[in-house]
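Trainee: after the sequence you'll find the predicted model.
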Amino acid sequence: MTTILEALSDNITIDKNKCIYCGKCTEACIVDNIRLKLPPCRGKCPLDLNCQGYVQLIGRGEINKALEVIYDTTPFAGILGRVCHQPCEAACKRKDIDGQPVAIRELKRFLADNGTFAPDSLPKSENGKSVAVVGGGPAGVMAAYLLREQGFQVTIFEASSRLGGMMAYAIPDFRLPLEVLTREMGQLATIGVKIRYNTKVGKDIKFDEVVKSHDYVIVTTGTPVSKKLNIDGENLPNVYDALGFLRRAKETEKPAVGRRVVVIGGGNTAINAAQTALRLGAENVRVISLECRDGLPAFDSEVKEALTEGILLDCGWGPAQFLQDKGQVVGVNFKRCVAVCSKDGCFDPLFVEGERMEVAVDTVIVAIGQGADLAFLDGTSVEKQGGLIIADPITMQTAVKNIFAAGDIVTGPKSVVEALAQGREAAESIMRDFVGLSISYERDRMTGYETEYLIDVSKAVPGSRLKARAISPEDRRRFVEIENSMTSEQAIMEAKRCLSCGEPFGKYRMCWSCLACEVVCPEEALSIEVPYLLR
Ligand SMILES: Cc1cc2nc3c(=O)[nH]c(=O)nc-3n(C[C@H](O)[C@H](O)[C@H](O)COP(=O)(O)OP(=O)(O)OC[C@H]3O[C@@H](n4cnc5c(N)ncnc54)[C@H](O)[C@@H]3O)c2cc1C
Ligand code: SF4
Ligand code: SF4
């Protein structure tokens, strides 16, 4: 015989052909009964982006609605669809079936290129408070967008003449075309964010002045300073610092490179500089890193891409000396490096002095890391450590109550999606403070999620991962975008490989049949069967 309690646990029905996995029902449940089984892809996204939702919608052919799902979290689908380092795909359950994750990032790009979605005109009302965002990179623009949406008067102080930070002046155009960046950054001005270009805080305006004239400040100035090797010859004309080189390569007058180029470093900057040198006409490009192949800080997908283009990679070598002739560097002498860090994880390379390698060069690019420039904070109470700002990892608040910090300036060089996520957290803290809520209470984004559950793989559609048409080897020597967009047919087929891992469910067998979840569900995907005795 079925008891009333058992009946209460079975009364929630979800139609998986309609559900978009938004989780609104879990938020609406007044007795905290409904949980969302969190798909592994979403669980690994720093932005908590509803990957399953937009992938499922593509599979159903609902392209514009799928783009809208991304806009629920971020307006930067075209950027993320190109340069995100796709932690979602590393976790994708589809890998258990055929070793190949669903192409979640490429699908996002497909939506940005083919979908249309116009957010409602924002903000709906002004709230009278002002926020200064110092630095217009991903952390800054994400915070600015969200705060403006909520009616704050937001001003971005940006040192350069463009928004986007590293995306504007370091990530090459063949990975992130200028028109995509310009289009998505344009959304800031459209919703009324004020932007003061060519305004370096600390030089063109004092930080104190910025603080005094705004209710809140968010510092997102990143790590724009290339680190130096401090080796004799580093200042000779055929030796470039990587950030300067990449920045100039994005301008009309490009930097000159010789036939043989050596890039010293093992991060994304080194790989992107090598790819750029190739496109500027170099014939032989070698990336030489301290780290071993498995320890390279560059994203693996980018390293593989560079190898495909014919870039050579030598791992486990550190530069010892620049060989000079007639005011040029003509060779680099390297010594073998067997460990980059000490046992306690600190940077402390261990070299084998006797093992050497000499490489003849026409151009050298130094890409050994980036640091912050915090001089503008001197004399303030904002605390710093190791050349970065100290901020609470959840609220992003600094030692000064109304000053927040986010992105690379807090974490050191990381990624676009992590900077966006931190910008969002700083914005949320300000929104909470404005309405008088605690900025730290219940900030755990995992609330309402269930991570331990069995995923049904029995209905997996067979088929290997699809890829957009590859660009030609000749185009890999020019500044043509490195990836194409999928066709609609490809995107739909690829989306159908998704196992649709997650779903909402009633966890605690205590449904009160109040129907809040049913009312809030935007897709009419959820229905509650009200037991006879409660009617
Ligand atoms: C070559 C290269 C390639 C990369 N490739 C990728 C990739 O493929 N995928 C990925 O996810 N990540 C990549 N990254 C990392 C990513 O770009 C950064 O992690 C991210 O941009 C950090 O964002 P942010 O907002 O913290 O800082 P930034 O992007 O550095 O933006 C900081 C902004 O602040 C401005 N600013 C600095 N000082 C001041 C001041 N005093 N006053 C006013 N404005 C100031 C700067 O001009 C800049 O616009 C790459 C980085 C580099 C260098
Ligand atoms: S199979 Fe689909 S829902 Fe599951 S992890 Fe991969 S993309 Fe996400
Ligand atoms: S049932 Fe409705 S509200 Fe709940 S996750 Fe699905 S679409 Fe969203």
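Mentor: Cool, got the structure. Numbers count the residues shown, from 1 in each chain. Ligands and ions are numbered 1, 2, ... in the order given.
Trainee: when you work out contacts or count neighbours from here on, use the C-alpha atoms and nothing else.
Mentor: OK.
Trainee: so where's this structure shaky on pLDDT?
Mentor: Under the criterion pLDDT under 70, the flagged ranges of the chain are 1-9, 532-535.
Trainee: ligand 2 contacts on that one?
Mentor: By CA under 6 Å from any ligand atom, the part of the chain that sits against ligand 2 consists of Pro39, Pro40, Cys41, Gln52, Cys92, Lys93, Arg94, Val102, Cys498, Leu499, Ser500, Cys501.
Trainee: try it again at 5 Å.
Mentor: Where proximity means CA under 5 Å from any ligand atom, the interface of the chain facing ligand 2 comprises Pro40, Cys41, Gln52, Cys92, Lys93, Arg94, Cys498, Leu499, Ser500, Cys501.
Trainee: if I look at the closest residue to Pro297 other than its chain neighbours, how far off is Gly78?
Mentor: Excluding its sequence neighbours, the residue lying closest to Pro297 (CA to CA, 6 or more residues apart in numbering) is Gly267, at 4.8 Å. To Gly78, Gly267 is 23 Å away according to CA to CA, to the nearest Å.
Trainee: that older thread, surely the residue nearest to Pro297 touches Ala298?
Mentor: Yes: applying CA atoms under 8 Å, one finds Gly267 in contact with Ala298, separated by 4.0 Å.
Trainee: which one's more surrounded, the two?
Mentor: The residue with more neighbours, out of Gly267 and Ala298, is Gly267; 23 against 18, by other CA atoms under 10 Å.
Trainee: report the contact partners of that one.
Mentor: Residues counted as contacts of Gly267 (CA atoms under 8 Å, 6 or more residues apart in numbering) are Leu296, Pro297, Ala298, Phe299, Ala367, Ile368, Gly369.
Trainee: phi and psi next, for the first one.
Mentor: Comment: the main-chain dihedrals of Leu296 come out as phi -60, psi 130, following degrees, to the nearest 10.
Trainee: what of the third one?
Mentor: The phi and psi torsions at Ala298 (degrees, to the nearest 10) take the values phi -70, psi 150.
Trainee: kindly report the same for the fifth one.
Mentor: With angles defined as degrees, to the nearest 10, Ala367 sits at phi -130, psi 70.
Trainee: that one: what's it in contact with?
Mentor: Counting by CA under 8 Å, 6+ apart, Ala367 touches Ser226, Lys227, Asp241, Ala242, Leu243, Val263, Ile264, Gly265, Gly266, Gly267, Thr269, Ala270.
Trainee: at 6 Å instead, please
Mentor: Applying CA atoms under 6 Å, 6 or more residues apart in numbering, we find Ala367 in contact with Ala242, Ile264, Gly265, Ala270.
Trainee: what sits opposite the second one in the beta ladder?
Mentor: When assigned by DSSP bridges, Ile264 has beta-bridge partners Ile288, Val366.
Trainee: that one against Val366, yeah?
Mentor: Yes: taking contact to mean CA atoms under 6 Å, the distance of 5.0 Å between Ile264 and Val366 places them in contact.
Trainee: more neighbours: which of these two?
Mentor: Set side by side, Ile264 and Val366 show more neighbours around Ile264, with 28 against 23, by other CA under 10 Å.
Trainee: and the more buried one, how far is that from ligand 3?
Mentor: Ile264 sits 48 Å away from ligand 3, taking CA to the nearest ligand atom, to the nearest Å as the criterion.
Trainee: ok, Ser415 next?
Mentor: As judged by CA to the nearest ligand atom, Ser415 and ligand 3 stand 29 Å apart.
Trainee: try Glu62
Mentor: Between Glu62 and ligand 3 the computed distance is 14 Å (CA to the nearest ligand atom).
Trainee: and stretch 299-316, is it in reach of ligand 1?
Mentor: No: when contact is scored as CA under 5 Å from any ligand atom, no part of stretch 299-316 falls within range of ligand 1; the minimum is 7.6 Å.
Trainee: convert that stretch to CSV, retaining C-alpha atoms only.
Mentor: These are the backbone C-alpha positions of stretch 299-316, laid out as CSV (Å, rounded to 0.1, in the frame of the first residue of the first chain):
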residue,chain,number,x,y,z
PHE,A,299,46.2,25.7,-22.0
ASP,A,300,46.7,22.3,-23.6
SER,A,301,44.4,23.1,-26.5
GLU,A,302,46.6,26.1,-27.4
VAL,A,303,49.8,24.1,-27.2
LYS,A,304,48.4,21.4,-29.5
GLU,A,305,47.2,24.1,-31.9
ALA,A,306,50.7,25.7,-32.1
LEU,A,307,52.3,22.3,-32.7
THR,A,308,49.9,21.7,-35.6
GLU,A,309,51.1,25.0,-37.1
GLY,A,310,54.7,23.7,-37.1
ILE,A,311,55.9,25.6,-34.0
LEU,A,312,58.7,23.7,-32.2
LEU,A,313,58.6,23.1,-28.5
ASP,A,314,61.7,22.5,-26.3
CYS,A,315,60.8,21.9,-22.7
GLY,A,316,63.1,21.9,-19.6
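Trainee: next up, the contacts around Gly371.
Mentor: Gly371 makes contacts with Thr223, Val225, as judged by CA under 6 Å, 6+ apart.
Trainee: quick revisit: closest one of the residues of the chain next to ligand 2 to ligand 3?
Mentor: The shortest approach to ligand 3 among those belongs to Gln52, at 10.6 Å (CA to the nearest ligand atom).
Trainee: checking that closest one next. Helix, strand or coil?
Mentor: On the three-state scheme (DSSP: H, G, I helix; E, B strand; the rest coil), Gln52 is labelled helix.
Trainee: got it, and the one 5 residues further on?
Mentor: Under three-state DSSP, the three-state class of Leu57 is helix.
Trainee: what is the burial count for it?
Mentor: A count of nearby residues for Leu57, using other CA under 10 Å, gives 24.
Trainee: how much space between it and Asn50?
Mentor: Here Leu57 is placed at a distance of 11 Å from Asn50 (CA to CA).
Trainee: got it, and Gln187?
Mentor: With the distance defined as CA to CA, Gln187 ends up 21 Å from Asn50.
Trainee: same check on Glu126?
Mentor: For Glu126, the distance to Asn50 equals 29 Å [CA to CA].
Trainee: now Leu38
Mentor: Computed as CA to CA, the Leu38 to Asn50 distance reads 10 Å.
Trainee: same question for Val219.
Mentor: 28 Å.
Trainee: next helix or strand past the helix ranked longest in the chain?
Mentor: Longest helix of the chain, by residue count under DSSP state H: helix 416-435. From helix 416-435 onward toward the C-terminus, using DSSP states H and E, the following helix or strand is strand 449-450.
Trainee: what residues of the following helix or strand past that following strand count as buried?
Mentor: Using DSSP H and E, the next helix or strand after strand 449-450 towards the C-terminus is helix 488-495. Judged by neighbour count (16 or more other CA atoms under 10 Å), helix 488-495 contains these buried residues: Ser488, Gln490, Ala491, Ile492, Met493, Glu494, Ala495.
Trainee: middle-most residue in the protein, spatially?
Mentor: Among the residues of the chain, Val417 comes closest to the average C-alpha position under CA atoms, centre = their mean, at 1.6 Å.
Trainee: mind listing what it touches?
Mentor: With contacts defined as CA under 6 Å, 6+ apart, Val417 has no neighbours.
Trainee: so what are the domain limits for the chain?
Mentor: By the assignment in automatic domain parsing, the chain contains the domains 1-33+502-535, 39-118+452-500, 130-224+372-434, 226-368.
Trainee: picking up where we left off before, closest one to ligand 2 out of the contacts of Gly267, please.
Mentor: Among the contacts of Gly267, and counting by CA to the nearest ligand atom, the member closest to ligand 2 is Phe299, at 20.0 Å.
Trainee: for this structure, what lies in contact range of ligand 1?
Mentor: That would be 83-84, 135-139, 158-160, 165-166, 170-171, 200-201, 221-222, 269, 407-408, 414-416, 419, which are the residues of the chain within reach of ligand 1 (CA under 5 Å from any ligand atom).
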